[in-house]
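Undergrad: I'll drop the sequence and a predicted model, then ask my questions.
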Amino acid sequence: MASSRALSMLRAGFDYGGAPDHEVRALASSVFAGALEEAGALLQPHASNSAVASALVKPLASEVRGARDLPDLMARVIAARLTDRQKAGRPDCSGGSCGSCQGGSFGGAASPATPARAGGGCCKAGDNNEGCCGGSAACQAACQGEDGWEAALRKTAREVYASPGGLRALVADLSKVAISDPACGSLLQPLLLFKGFHALAVHRVAHALWQTGTANAAGAAPGRTAALLLQAKISEKWGADIHPGAKFGEGCMLDHATGVVIGATAEIGRDCYLLHGVTLGSSGKPVADPETKRHPSIGAGCILGAGCTVLGGHVKVGDKVSVGAGAVVTKSVPDGATVVGANRVVRAGKAPEKRAKGKVGAGAAPPKPTPQAAAPCHVRPRSRL
């Protein structure tokens, strides 16, 4: 099966930063073929499927079946999630079909059966919804406003994901989820349902917009404003507050994602795993230049445990470092170490150091007791009666 093969390839992993672009494209094509196969299976009737389950699953599967490739699929999914199109019941007037506009009614006004587009044919991505659904006023209105915003987001996201760097990051993030999360049992689970994967996918779009944020003649930066809008949407939808200026390497995973807070100048290396409640923040000291490095840098292959906090632009966490749940880090950490508690660094393979008492320096191991010979055992003689 295409789905099983693609999932196995993702779990096998690849060189997130060094694999040739053609290998990344081939893996993306395999993932997309597997996703289409899974979506088709979801749409198949089954005796055990309830009407409610079918009604819930069908819009998701249809979202996949209407996509052209993996970048288009991801762009459609995040745009639909951020705008709650399926929840609100608005038609998708920029996909492969006109949804409820075709052959029915929307908003109380009749819509034509065919053709869907005035002049023939059906509306498709990139058409800006002009003439959608035969020009029906109700459908035209439904395809504007939030759906107009959705179409713009979908177009921008597709461009980001279709770029060589964007596609590499998207496939690498999927691979990291497949490797790290035992709960990931199919391709569609992260693509459609994992909010941490979605939050990071939208952040990558926001970061691309942030990088184009040069001010215009009027002193405004539309790209950065749009990036901050996506940051707000991520926070409202999935509970993760990630500034669009933050840099993520390829192959990262936000597990659960709730409560994650990452500042503007933070940098996260490749192949990192962040659990819920992670904070990568500043020390709180005022700075004159907003571009000043205020947030920590995290190396490659790191694990940041639930609720841990790393503060300060001077802090550099090395490669393959594990930060324990609830730890507080305000100092740099060497490669391969584990951090627990408040800046308690433990070298790989060693037990945590115990704080010594008395005059021994803080953090040092207490002196080992001098071995002594065992005291002789005195047995009390039994009393004679």
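TA: Nice, thanks for sending it over.

Undergrad: where does the stretch 101-250 of the chain have low pLDDT?
TA: Within the stretch 101-250 of the chain, the ranges that satisfy pLDDT under 70 run 101-147, 214-219.

Undergrad: Mind jotting down where the strands sit in it?
TA: Here the stretch 101-250 of the chain has its strands, by DSSP state E, counting those that start in this stretch, at 105-106, 109-110, 241-242, 247-248.

Undergrad: Now stretch 313-333: buried residues?
TA: 313, 315-324, 327-329, 333 (16 or more other CB atoms under 10 Å). From N, CA and C alone the C-beta is placed, and that goes for glycine too.

Undergrad: out of these, which are inside strands?
TA: 316-317, 322-323, 328-329 (DSSP state E).

Undergrad: and which of those residues is nearest to D84?
TA: V323 (34.9 Å; CB to CB).

Undergrad: what's the pLDDT at that closest one?
TA: Model confidence at V323, given as pLDDT, is 97.

Undergrad: And the contacts of the host helix or strand of L60?
TA: Using DSSP states H and E, L60 sits within helix 51-65. Residues from elsewhere that reach helix 51-65, judged by CB atoms under 8 Å, 6 or more residues apart in numbering: 35-36, 38-40, 42-43, 73, 76-77, 80, 86, 188, 191-192.

Undergrad: Give me the subset of these lying in helices.
TA: 35-36, 38-40, 42-43, 73, 76-77, 80, 86, 188 (DSSP state H).

Undergrad: Quick check: of those, which lies closest to R294?
TA: Of all these, V77 has the smallest distance to R294: 33.0 Å, by CB to CB.

Undergrad: Give the full set of residues in contact with the closest one.
TA: V77 is in contact with 63, 191-192, 198, counting by CB under 8 Å, 6+ apart.

Undergrad: if I look at it, how far off is L188?
TA: Per CB to CB, to the nearest Å, V77 is found 10 Å from L188.

Undergrad: Could you report the neighbour count for the closest residue to A266 other than its chain neighbours?
TA: Once flanking residues are discounted, A266 sits nearest to H295: 3.8 Å by CB to CB, 6 or more residues apart in numbering. The number of residues packed near H295 is 24, by other CB atoms under 10 Å.

Undergrad: swap in L56?
TA: Neighbours of L56 (other CB under 10 Å): 11.

Undergrad: remind me which residues of the stretch 251-385 of the chain are low pLDDT?
TA: Using pLDDT under 70, the stretch 251-385 of the chain drops low at 348-385.

Undergrad: Show me where it has its strands.
TA: 253-254, 261-262, 267-268, 273-274, 279-281, 297-298, 303-304, 309-311, 316-317, 322-323, 328-329, 338-340, 344-346.

Undergrad: Between the ones you listed, which one is closest to R11.
TA: Closest approach to R11 among the strands of the stretch 251-385 of the chain (CB to CB): strand 253-254, 13.3 Å.

Undergrad: Not counting the closest one itself, show me its contacts.
TA: By CB under 8 Å, 6+ apart, strand 253-254 touches 173, 176-177, 180-181, 196-197, 199-200, 240, 260, 272-274.
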